[in-house]
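> Here is a sequence with its predicted model. Questions after.
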Amino acid sequence: MATPINLSESESQFFQDLVPPESFNIKKIQMEEFTKRHSLLKNRVVLITSGGTTVPLESRTVRFIDNFSIGTRGATSAEYFLKQGYAVLFLHRHRSLQPFFQRVEKNILDILSVSENDPTVITGEISYPSLAKSLAPVVKDYHKYKNEGMLSMVEFTTLTEYLILLRAASEAMQACGREGMVYLAAAVADFYVPRGLMPEHKIQSSEGALKLTLEMTPKMLKPLVKEWSPNAFVISFKLETDQSLLIEKSRNALLVYQHQMVIANILETRKKEVFIVTMDAEEILRLSDEELAAGREIEEPLIDKLVEHHTTLLLS
Ligand code: PMT
């Protein structure tokens, strides 16, 4: 049993202020059933957060602050975790990229299937003969993991929805014990407008220039590591634009939050270079321009390494 920690005043206040989204209970049950089922099946499970959160400026929201992330990291990582045998609980921003669907231009995966006689032939209502060869593995993998119940999708939009769902998802991960991994790739707003300070109606431009005061979002890694998911292998991400801060800030996060690993990346180079940072080591993974041009994805070697680390930890 983990030692209960006291949430700081700002964290407690933050959760007291939260109004759970309408579908919260259904999503909570979905997540609990998923982690319990896979724990009984002795599957490893990874909770992946993906995409950016929004920060509404009005209760009846017309305007909001958004984040650049479109969810490539999360969606691509999910595919490689599935290939490694992990069940994936995918907590993602509404309409951000999704595993497998990110690789087809329209949402046609559900109406396509791969012919059993010839797995390079796609059957379905729409025929794309020229694309069939490249699409076949995607269609096949999608149906395989869907039929096996290895992927569970849960959506958020706002920062508060994200945090309340993150807490429920991390608590659901307790069922997986040390076989569980939490992979926090979502880009989470650091500032928000508390509910009590938010105007109900659309802010009027006739009232002149808009002055905004945003509160700091409390960091949720601390309760996540100590209380919500105390036995999971927890990996956070660190995004910077200044390379000279990257490793120091990642290590500082490990010191403060006491989790296992930070994946550090620079905004412009995030698709070809990442750093795996632990308390006593850092390792760089980098794709060459030739590899990138050939369509290799940095998430492939990254997930290989993370699975290795997880296995080592489980054997220790
Ligand atoms: O989606 P893409 O376009 O592919 O981009 C991928 C990415 C750049 C978004 C991804 O690789 C990445 O770096 N994600 C983390 C970005 C981020 O929010 O970093 P941060 O320094 O704000 O937060 C660090 C960690 O603390 C994050 O793992 C976050 O989940 C966590 N956090 C953040 C805010 C908060 N209130 N509580 C938290 O626990």
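That came through fine.

> Assess the claim that Asn67 and Ala189 are in contact.
Yes: assessed by Cβ atoms under 8 Å, Asn67 is found in contact with Ala189 at 6.3 Å. In this view, the C-beta of every residue, glycine as well, is placed from N, C-alpha and C.

> and for these two, which residues touch both?
Taking Cβ atoms under 8 Å, 6 or more residues apart in numbering as the criterion, Asn67 and Ala189 both touch 52-54.

> top of the residues you listed by neighbour count?
Greatest neighbour count in those, by other Cβ atoms under 10 Å, goes to Thr53: 26 neighbours.

> Contacts only, for that residue.
67, 93, 156-159, 161-162, 186-189.

> filter those down to the ones near the ligand?
Filtering those for proximity to the ligand by Cβ under 6 Å from any ligand atom leaves 186-188.

> Double-check that Met279 belongs to a helix.
No: counting by DSSP: H, G, I helix; E, B strand; the rest coil, Met279 falls outside a helix, being coil.

> Just the pLDDT for Thr8.
One thing to correct before we go on: residue 8 is Ser, not Thr. Ser8 is assigned 65 on the pLDDT scale.

> one step back: looking at Asn67 and Ala189, which has the bigger crowd around it?
When Asn67 and Ala189 are compared for neighbours, Ala189 comes out ahead with 20 against 17, by other Cβ under 10 Å.

> State the distance from the more buried one to Val225.
Going from Ala189 to Val225 by Cβ to Cβ, to the nearest Å gives 20 Å.

> and if you look at Leu40?
Separation of Leu40 from Val225 (Cβ to Cβ) stands at 25 Å.

> which of these two has more neighbours?
The residue with more neighbours, out of Leu40 and Val225, is Val225; 22 against 9, by other Cβ under 10 Å.

> can you pull the pLDDT of Glu116?
So Glu116 comes in at 76 (pLDDT).

> And what about it, helix, strand or coil?
With three-state DSSP as the basis, Glu116 sits in coil.

> Just list the residues touching it, thanks.
Here Glu116 is in contact with no residues (criterion: Cβ under 8 Å, 6+ apart).

> then stretch 187-197 to PDB, C-alphas only?
Provided in PDB are the C-alpha atoms of stretch 187-197 (Å, rounded to 0.1, in the frame of the first residue of the first chain):
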ATOM      1  CA  ALA A 187       0.500  18.500 -23.900                       C
ATOM      2  CA  VAL A 188      -1.200  19.800 -20.800                       C
ATOM      3  CA  ALA A 189      -2.000  23.500 -20.300                       C
ATOM      4  CA  ASP A 190       0.100  25.000 -17.500                       C
ATOM      5  CA  PHE A 191      -2.400  27.900 -17.000                       C
ATOM      6  CA  TYR A 192      -6.200  28.000 -16.700                       C
ATOM      7  CA  VAL A 193      -9.100  30.200 -15.700                       C
ATOM      8  CA  PRO A 194     -10.700  28.900 -12.500                       C
ATOM      9  CA  ARG A 195     -14.500  28.300 -12.800                       C
ATOM     10  CA  GLY A 196     -15.300  31.000 -10.200                       C
ATOM     11  CA  LEU A 197     -13.500  33.600 -12.300                       C
END
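
> residues in contact with that stretch?
By Cβ under 8 Å, 6+ apart, stretch 187-197 touches 17, 19, 51-57, 59, 65, 67-69, 159-160, 162-163, 212-217, 239.

> next one: stretch 148-157
The contact list for stretch 148-157, computed with Cβ under 8 Å, 6+ apart, reads 21, 27, 30-31, 34, 37, 43, 53-54, 78, 82, 86-94, 98-99, 145, 162, 165, 169.

> Strands - which of those residues land there?
Judged by DSSP state E, those include 87-93 as members of strands.

> CSV for these, including distance to Arg103, pLDDT and neighbour count?
Listed next are the ones in strands among the contacts of stretch 148-157 as CSV, based on distance: Cβ to Cβ, whole Å; pLDDT from 0 to 100; neighbours: other Cβ atoms under 10 Å:
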residue, distance to Arg103, pLDDT, neighbour count
Ala87, 21, 98, 26
Val88, 16, 98, 25
Leu89, 21, 98, 27
Phe90, 15, 98, 25
Leu91, 21, 98, 26
His92, 16, 98, 24
Arg93, 18, 98, 26
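
> Write out the residues of the stretch 51-200 of the chain neighbouring the ligand.
When proximity is defined as Cβ under 6 Å from any ligand atom, the stretch 51-200 of the chain approaches the ligand at 69-73, 184-188, 190.
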